[in-house]
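# model this:
(3 chains)
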Amino acid sequence: MKNLIDVKNLRVSYHTYAGEVQSVRGVTFSVQEGETLAIVGESGCGKSVTAKTIMGLIATPPGEIKEGSEVVLDGKDILKQTEKEWEAYRGATCSMIFQDALTSLNPTMNVEKQIMENIRNHYPVSKEEARKETLHMLELVGIPDPQACMKKYPHQLSGGMRQRVMIAIALAGKPKVLIADEPTTALDVTIQAQIIDLMKELQKKLGTTIILITHDLGVVANIADHIVVMYSGKIMEKGDVRQIFYGHKHPYTWALLKAAPNLELSNKQPLISIEGTPPDLIDPPKGCPFAARCKYCMNICTTEAPEEYEFEPGHTAACWQYHPESGYADIDFSREGE
Amino acid sequence: MDKRFQRVKVQETNTEARYERGLVGDILHTLKGNRLAMLCVVILVIITLMAILAPLSPYDPDAQDYMAILQPPSSEHWFGTDELGRDYFTRALYGGRISLTVGFLSMLLSVTIGTLIGTFSGYMGGKVDTLLMRFTDLFMSVPSMMLMVVINAIFPPKLYSVIIILGLFEWCQVARITRAETLALKQRDYVIAAKHLGASHKRIIFKHIIPNMSSSIIVAGSLAVARAILTESALSFLGLGVQLPKASWGTMLQSAQMYMTDVPTLAVFPGVFIMLTVFSFNILGDALRVALEPKMIK
Amino acid sequence: MGDKKPILEVKHLKKYFPVDAKHTLKAVDDVSFTIYEGETLGIVGESGCGKTTCGRTCIGVYEATSGEVLYKGKDINKMTAVERKEFTKKVQMIFQDPYSSLDPRMKVHDIIAEGMQIHKLVSSKAEEIKAVQSLLEQVGLNPEHASRYVHEFSGGQRQRIGIARALAVNPEFLMCDEPISALDVSVQAQVVNLLVKLQKERGLTCMFIAHDLSMVKHISDRVGVMYLGNLVELADSDVLYQHPLHPYTKALLSAIPVPDPDIERQRNQIRLEGEVPSPMNPPAGCHFCNRCSYAMEECSCQTPVMREVEPGHFVACHLYDEMK
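Numbering: from 1, shown residues only, chains lettered A, B, ... in the order given. Here you go, the predicted structure:
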């Protein structure tokens, strides 16, 4: 499989009244064509900012994409695009769906107009053809009565239907990449399951590459091929889904996986929690950002940012334990009792 | 073993203290970021200081000097003299005292009345709310200028009566703003929490609702001062405001009418003062509105 | 269960909100359950099922449309002012949104001390300061934080402040309304651990409302499942998760994604068709009948009643009618 997107040393800051918030601090990963890559992390870890950068949605100011950052898509550094190129790119090459469908849809336009607009922005088709395509898109995303739905306004649709409509709009321009930013967070579990099924099915049909931004490991386990685990603007660990779930190397990944309550676990046992809070990104720690909350923290973790160590092709973790001299390289999380 | 790889426990440092900022901090921050607003503050401070320090002027504002009437500005009389030979600069300073006092006090009055009525109305809701708001609407549709003219014509205007009248006609705006805010605030979880802790209505209104409206009230107050100064000037210009020999900027404008063509500076100086003050309060109000709007700082 | 003393009895509780002249939103429609002293009752359901309204009506934040809520045998909607004040001391709540539940213009100390001031639990300022500091320590915060404003704290820390405020009046009963759903996973675990610990230490009775079933199962002794204003199933949490009876509970359990790719990708999931109908216009009979794959004729005309199928396991579904 070839890499569709290569993100290299991406650094993004936001300038706020309190100072420069370094949201993304040197992130490198690639996305293969036709796969689903999940970027996982807690709020404020920089996962959404990374996605917005790929979509060209970072407003400057207050945002700033630092010198030396590169996002290469199909051999072209998209960060150097002109505003005109960005306009053609959004929707036709890369589309995005958001967490909150109600605020991301235009409340004054009906569904038909919103989808047709996206089609006609990118393809020179007649109104009739666009309408046909719109109907087709709505059928594709599993809307029961697409004819009736076309004439509806966003507020007349239920949460799940709105999300489906948003996916239809996003896919109407036939993009190569679909970025889904917490697409199911605002939905109930039963609806979430429907939407995830839909995304999987659409990927099979259309071959769209999906970048999924989420904090829900259950969703990731279901849909992702590769996973990038982020924490306070940096990548902690990346690898394929089995490597991350069954062979994770980073203490943060381990803690994140353990923090979710397990239905098999007996009741009221203390959950494994990560004490403390993520660091302040205005003045991020010199060393590993997770050091202060990590039970395996070593001297070096507080002073120097960890290097990335590769375990298997494509599976890397940024953690000093895997330094050849540390003596902890064979750490086994499954034996950790508490 | 290598020391670098020794296990340690790191003390977490809470770096969030930098966000510490109360209402005053919010306001100061806004001003720092907005040059025009800062300039307005400087202008207002200067004008206020000048008014307060007016007695330092070597001239008596009421001392008439028939040897030197209607003089143009000079090094001796910075703004020249008026038709009775009084130093116009000194009179402008004393006029500022009156205008600013009227502006501030009537603002205080209107903001107090408006906040109380608005908050009460919004908090009680239901029939009380409907009744009070219709009353406010009624009050707002009264041609207040006309009424003020009539009232002032019946009762000889004094400084305090002007303040009260202005205050009584300005509260409606404040009431509408605070009522809308109260309607939103009383749904907030912290108000529900306080209620469920057994807090009295009085406590909820004064401890939870009004403090959280303070930014809106400050903005409304800033705009109310501007309006009050303008209205007072207009009243004085019509001869119904503060009475001679005391003079506000409006009164000075009125007396300047007669000499408009010969000595235009007589109208220009108080006019510029009024303009600058009102302009500054308006800009300041707008800047604060923009800055204080997002109440929840995450 | 016989030796357990009921602390909160909810009988045929209904809470309707008038929307306009023609429509009423039936947020809670005839719900009955009992909470026993010292236990945690979890209520789960999807958004719009009325779980928050139910919780708030149970502790008197909203006035019930009909039905009664008995706290230790006394109807909370018929209390005198004095009883009412005493009730607010005994029953406290923890909110979902850590941002809107704390007054941004107040310092942490004042937020926590408010309840003590209202109920005159402390006699001097020094005592009050001591009490607040001890509470801050109990919820895992630094006592020095008392002089700060809440906007300096993260979501998890704010939730701890909210818990301290509730505990300040020494309550017996805690109504937790989605206390963790706005928090990050790692912080959720902190707050849940804290709640469990405090509950044990203080012998609190809890009602825990959430949409996250795995968390509810973890913290609760018994769990009730709500759908469109009705309680459809109520059982011990282990029983409910291992042997769910109501088709909706089964579907809901099946829809929870498991953070394990092997299990997640192989298991057979029950997929619910369609979405939750509007609570303004719920289907006749069993509210779930239009999405239920077991729906029978009588489901769409007759509302099922809650019956005890096994000891302590209640379900409202016509499928289990003949078992009685």
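# Where do the helices of chain B begin and end?
Along chain B, the stretches classed as helices by DSSP state H are B:23-33, B:35-52, B:88-124, B:126-140, B:144-154, B:159-185, B:189-196, B:201-203, B:210-237, B:249-256, B:265-292.
# Lowest average confidence across these, which one?
Note on the helices of chain B: lowest mean pLDDT is at helix B:23-33, with a mean of 73.
# how much space between residue C:160 and residue C:148?
Distance, residue C:160 to residue C:148, by CB to CB, to the nearest Å: 13 Å. The way it works is simple: take the backbone N, C-alpha and C, and place the C-beta from them, glycine included.
# In terms of pLDDT, where does residue 222 sit?
You didn't say which chain, so I picked chain A. With respect to pLDDT, residue A:222 scores 88.
# that's the other chain; I wanted chain C
For residue C:222, the pLDDT comes out at 93.
# just residue B:186 next, same as before
90.
# Now do the contacts for it.
By CB atoms under 8 Å, 6 or more residues apart in numbering or on different chains, the contact set of residue B:186 is B:122, B:123, B:204, B:209.
# Would you format those as CSV with neighbour count and distance to chain A included?
Shown next, in CSV, are the contacts of residue B:186 (neighbours: other CB atoms under 10 Å in any protein chain shown; distance: CB to the nearest CB, whole Å):
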residue, neighbour count, distance to chain A
B:122, 26, 27
B:123, 20, 30
B:204, 20, 31
B:209, 25, 27
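# Just the strands from the chain, written as ranges.
This is for chain A. Listed in chain order, the strands of chain A (DSSP state E) span A:3-16, A:19-32, A:36-40, A:63-65, A:70-73, A:76-77, A:94-97, A:177-181, A:209-214, A:226-231, A:234-240, A:308-312, A:315-318.
# my question was about chain C
Per DSSP E, chain C carries strands over the ranges C:6-18, C:24-36, C:40-44, C:66-71, C:74-75, C:91-94, C:173-177, C:205-210, C:222-227, C:230-236, C:307-310, C:313-315.
# closest one to residue A:128 among those?
Nearest to residue A:128 among the strands of chain C is strand C:24-36 (42.1 Å), distances taken as CB to CB.
# now that closest one against strand C:66-71, angle please.
Following axes from the mean of the first three to the mean of the last three CA atoms, to 10 degrees, one obtains 30 degrees for the angle between strand C:24-36 and strand C:66-71.
# give me every residue that touches the residue lying closest to residue A:242 once chain neighbours are set aside.
Among residues not flanking residue A:242 along the chain, residue C:261 sits closest, at 6.6 Å (CB to CB, 6 or more residues apart in numbering or on different chains). For residue C:261, the residues meeting the contact criterion (CB under 8 Å, 6+ apart) are A:221, A:222, A:241, A:242, A:245.
# Name only those of these that count as buried.
Buried subset of the contacts of residue C:261 (neighbour count, 16 or more other CB atoms under 10 Å in any protein chain shown): A:221, A:222, A:241, A:245.
# what residues are up against the residue nearest to the second one when sequence neighbours are not counted?
Distance criterion CB to CB, 6+ apart; nearest residue to residue A:222, sequence neighbours excluded, is residue C:264 at 4.7 Å. If you count contacts by CB under 8 Å, 6+ apart, residue C:264 has them with A:218, A:221, A:222, C:257, C:258.
# change it to 10 Å
When contacts are counted by CB atoms under 10 Å, 6 or more residues apart in numbering or on different chains, residue C:264 touches A:217, A:218, A:219, A:220, A:221, A:222, A:223, A:241, A:245, C:257, C:258.
# mind listing which of the buried ones among the contacts of residue C:261 are in helices?
Taking DSSP H, the ones among the buried ones among the contacts of residue C:261 that sit in helices are A:221, A:222, A:241, A:245.
# nearest residue to the last one other than its sequence neighbours?
For residue A:245, ignoring the flanking residues on the chain, the nearest one in space by CB to CB, 6+ apart is residue C:261 at 5.3 Å.
# Would you mind measuring from the residue lying closest to residue A:78 once chain neighbours are set aside to chain C?
In space, and not counting its chain neighbours, residue A:78 is closest to residue A:71: 5.2 Å by CB to CB, 6+ apart. Relative to chain C, residue A:71 is positioned 27 Å away (criterion: CB to the nearest CB, to the nearest Å).
# Run through the bridge partners of residue A:71.
For residue A:71, the beta-bridge partners under DSSP bridges are residue A:7.
# show me the residues around whatever residue of the stretch 101-250 of chain A ends up closest to chain C that make contact.
Closest contact between the stretch 101-250 of chain A and chain C, by CB to the nearest CB, is at residue A:218 (2.7 Å). Contact analysis of residue A:218 by CB under 10 Å, 6+ apart lists A:189, A:192, A:196, A:260, C:214, C:255, C:256, C:257, C:258, C:259, C:260, C:264.
# would you list those residues in JSON lines and tack on pLDDT and distance to residue C:319?
As requested, the contacts of residue A:218 are exported to JSON lines (pLDDT from 0 to 100; distance: CB to CB, whole Å):
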{"residue": "A:189", "pLDDT": "83", "distance to residue C:319": "22"}
{"residue": "A:192", "pLDDT": "86", "distance to residue C:319": "26"}
{"residue": "A:196", "pLDDT": "89", "distance to residue C:319": "28"}
{"residue": "A:260", "pLDDT": "73", "distance to residue C:319": "32"}
{"residue": "C:214", "pLDDT": "83", "distance to residue C:319": "26"}
{"residue": "C:255", "pLDDT": "85", "distance to residue C:319": "20"}
{"residue": "C:256", "pLDDT": "83", "distance to residue C:319": "22"}
{"residue": "C:257", "pLDDT": "83", "distance to residue C:319": "27"}
{"residue": "C:258", "pLDDT": "82", "distance to residue C:319": "26"}
{"residue": "C:259", "pLDDT": "82", "distance to residue C:319": "32"}
{"residue": "C:260", "pLDDT": "83", "distance to residue C:319": "31"}
{"residue": "C:264", "pLDDT": "82", "distance to residue C:319": "28"}
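# of those residues, closest to chain B?
Using CB to the nearest CB, residue A:260 comes nearest to chain B of the contacts of residue A:218, at 22.9 Å.
# Could you verify my assumption that that closest one touches residue A:220?
No: checked against CB atoms under 10 Å, the pair residue A:260 and residue A:220 is beyond contact range at 11.2 Å.
# Overlap of the contact sets of the two?
Common contact partners of residue A:260 and residue A:220 (CB under 10 Å, 6+ apart): residue C:259.
# Which of the contacts of residue A:218 ranks first by neighbour count?
Of all those, residue A:192 has the most neighbours under the rule other CB atoms under 10 Å in any protein chain shown, reaching 24 neighbours.
# Isn't residue B:94 up against residue B:62?
Yes: under the criterion of CB under 10 Å, residue B:94 makes contact with residue B:62 at 8.7 Å.
# what about the two, which has more around it?
Between residue B:94 and residue B:62, counting by other CB under 10 Å, residue B:94 is the more crowded of the two (23 against 14).
# so what's that one closest to, chain neighbours aside?
Spatial nearest neighbour of residue B:94, chain neighbours left out: residue B:61 (4.4 Å); criterion: CB to CB, 6+ apart.
# Let me see the contact set for the one you found.
Residues in contact with residue B:61 (CB under 10 Å, 6+ apart) are B:54-55, B:86-95, B:97, B:245-247.
# count of residues packed around the residue lying closest to residue B:5 once chain neighbours are set aside?
Of all residues not flanking residue B:5 in the chain, residue A:326 sits nearest, at 4.3 Å (CB to CB, 6+ apart). Other residues near residue A:326 number 19, with proximity taken as other CB under 10 Å.
# how far away is residue A:326 from residue A:294?
Using CB to CB, residue A:326 is found at 13 Å from residue A:294.
# Mutual contacts of those two, please.
Contact with both residue A:326 and residue A:294 is made by residues residue A:319, according to CB under 10 Å, 6+ apart.
# ok, the one residue sitting closest to the centre of chain B to residue B:233 distance?
In chain B, the centroid-proximal residue (CA atoms, centre = their mean) is residue B:225; its distance is 2.8 Å. The gap separating residue B:225 from residue B:233 is 13 Å, by CB to CB.
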